[in-house]
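>>> next come a sequence and a model predicted from it.
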Amino acid sequence: MAKKVAHEAPVRTKDRFLVFGAPDIRDEEIREVVATMTSGWLGTGPKVARFEREFGAYVGAAHVSALNSCTAALHLSLLAAGVGADDEVITSALTFCATVNAILHAGARPVVADVDPRTMNLDLDDVVRKLSPRTKAILPVHFAGRPCDMDAIMAIARERGLLVVEDCAHAIETEWRGRHAGTFGDFGCFSFYVTKNVATGEGGMVVTRTEEAAARVRVLGLHGMSKDAWKRFGDEGYKHYQVVAAGFKHNMMDLQAAIGIHQLARVETAWRRRREIWDRYDRAFASLPLGLPAPPEPGTRHAHHLYTVLVDPRRCGVTRDAFLDGMTREGIGVGVHYVAIPEHPYYREALGWRPEDTPEATRIGRQTVSLPLSPKLSDGDVEDVITAVRRTLGD
Ligand SMILES: Cc1ncc(COP(=O)(O)O)c(C=O)c1O
């Protein structure tokens, strides 16, 4: 059991609470947002087009469509791929609910596979076990920014004639053997949610292999209208549109892109800072009874989106939930990525899933804690996190 050590004051008082995943917003973003507001064009327009171009150049994809979230990106990718009723899509049991909900919203049946306990990415043996004549697609999640084995996934997909939609919500900088995550499958879906490596508040992006697929996503993302609506009221004169599908309202606004353009310009410096923090945590926690993230695989690039530790109560002397409470009392914001999907009542009741059917995801989901990893953290903040972890473990 952990030693009990009395500490009078928390590492950080309430007024200095370290918010988990706080975005690093600078003057460039603020100036661009103000300029967008005064330009009179807040909705989808030239800044979205620029953000698409620059994001495509960064990940090495020629065909991109910006949307208002990664959830929308996953949903519309599946629809554009023709996934629908009677189809099964295999994804990870250790992911955010949005991954699974997007499959349900596309009208298909999600099937969850377990994860490899070291990488926390899809266990491909379990994926193969879960293939059925109805399987239409595999939806790998590059968990925490660690790339899935895309050679093996693409080999399974080729052999079985399956589509691949990559969930790259954590994986903007991720590379597998020199190539960016998101560019292996038929579609790659990115998130710019507040806590993500490039943040626009809410926002998402689809990268695809063909302009036709990107156009399909774009049309579905804006009511199914055949022309870019933002051109409707431009100085080229009013443009009629035709509704060619029952689409959705999933478009990104220039206001969001205004933030994204400058976040993207700093993506590499932010990555280097997160890697420094990651290395500092690795050194500081090496002697503690926590489970630490495995080192990145050779020939890959980890996006260092989440630093997750495992709190096994038998080794640590505290439960995961007591650890979360202890960190909060010390003034440090923490996260949980994720309680395994089959633990949630909806999926148990609607789909009959049982946590024991994906045991590794379930175990990880019951032990995992994400520590702050924002590039905004000062060296002092990082030391506060380390002290709080030690104190919470009674070290
Ligand atoms: C793995 C994963 N997939 C999908 C999403 C959905 O992203 P968004 O919030 O942009 O819709 C998230 C967001 O947290 C995520 O972490």
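That came through fine. Residues are numbered from 1 along each chain as shown.
>>> isn't Val198 right up against His262?
No. Using C-beta atoms under 8 Å, Val198 is not in contact with His262; the gap is 9.6 Å. Where you see a C-beta, it was placed from the backbone N, CA and C, and this is true even at glycine.
>>> what about these two, which has more around it?
More crowded of Val198 and His262, by other C-beta atoms under 10 Å: Val198, with 26 against 19.
>>> tell me the secondary structure for the more buried one?
When classified by DSSP: H, G, I helix; E, B strand; the rest coil, Val198 comes out as coil.
>>> so how far is the ligand from it?
11 Å (C-beta to the nearest ligand atom, to the nearest Å).
>>> mind listing what that residue touches?
For Val198, the contact set (C-beta atoms under 8 Å, 6 or more residues apart in numbering) comprises 172, 192, 260, 263-264, 267.
>>> tell me the confidence at it?
The score at Val198 is 98. That number is its pLDDT.
>>> one more: Asp282?
For Asp282, pLDDT reads 98.
>>> tell me which element it is part of?
Assigned by DSSP states H and E, Asp282 falls within helix 267-285.
>>> strands paired with the next helix or strand after that helix, and their directions?
Counting by DSSP H and E, the next helix or strand C-terminal to helix 267-285 is strand 300-301. Using DSSP bridges, the strands paired with strand 300-301 are strand 175-176 (antiparallel).
>>> how far is the strand it pairs with from where the chain is centred?
Its chain's C-alpha centre and that of strand 175-176 lie 15 Å apart, by C-alpha atoms, centre = their mean, to the nearest Å.
>>> residues near the residue of the stretch 201-350 of the chain found nearest the ligand, how many?
Nearest residue of the stretch 201-350 of the chain to the ligand: Gly204, at 4.9 Å (C-beta to the nearest ligand atom). Gly204 has 29 neighbours, counted by other C-beta under 10 Å.
>>> try Arg118
By other C-beta under 10 Å, 12 other residues sit near Arg118.
>>> repeat that for Val244.
Residues near Val244, counting by other C-beta under 10 Å, number 14.
>>> quick check: residues of this structure near the ligand?
Neighbours of the ligand within the chain, by C-beta under 6 Å from any ligand atom: 69-71, 95-96, 98-99, 141, 167, 169-170, 191, 193, 204.
>>> could I get the buried residue list for stretch 31-41?
Buried residues in stretch 31-41, counted by 16 or more other C-beta atoms under 10 Å: 32-33, 36, 41.
>>> which of those sits closest to the ligand?
Nearest to the ligand among those: Val33, at 19.0 Å, using C-beta to the nearest ligand atom.
>>> wait, that closest one touches Gly260, no?
No. Look at Val33 against Gly260 with C-beta under 8 Å: they stay out of range, at 10.7 Å.
>>> which stretch of helix or strand covers Leu255?
Going by DSSP H and E, Leu255 is in helix 254-265.
>>> buried residues in that helix?
Buried, per 16+ other C-beta under 10 Å, within helix 254-265: 254-264.
>>> and the residues you listed as a markdown table, adding distance to Phe184?
Formatted as a markdown table, the buried residues of helix 254-265 follow (distance: C-beta to C-beta, whole Å):
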| residue | distance to Phe184 |
| --- | --- |
| Asp254 | 30 |
| Leu255 | 32 |
| Gln256 | 26 |
| Ala257 | 26 |
| Ala258 | 30 |
| Ile259 | 28 |
| Gly260 | 23 |
| Ile261 | 26 |
| His262 | 28 |
| Gln263 | 24 |
| Leu264 | 21 |
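>>> helix/strand/coil for Glu32?
Here Glu32 is recorded as helix under three-state DSSP.
>>> and it, how far is that from Thr44?
Counting by C-beta to C-beta, to the nearest Å, the gap from Glu32 to Thr44 is 16 Å.
>>> same thing with Ala270?
26 Å.
>>> the residue lying closest to Ala270 once chain neighbours are set aside is in what secondary structure piece?
Closest residue to Ala270 apart from its sequence neighbours, by C-beta to C-beta, 6 or more residues apart in numbering: Pro375 at 3.9 Å. Assigned by DSSP H and E, Pro375 falls within no helix or strand.
>>> wait, what's in contact with the closest residue to Ala72 other than its chain neighbours?
Nearest residue to Ala72, sequence neighbours excluded (C-beta to C-beta, 6+ apart): His250, at 3.7 Å. Contacts for His250 were tallied using C-beta under 8 Å, 6+ apart; they are 67-69, 72, 75-76, 220-222.
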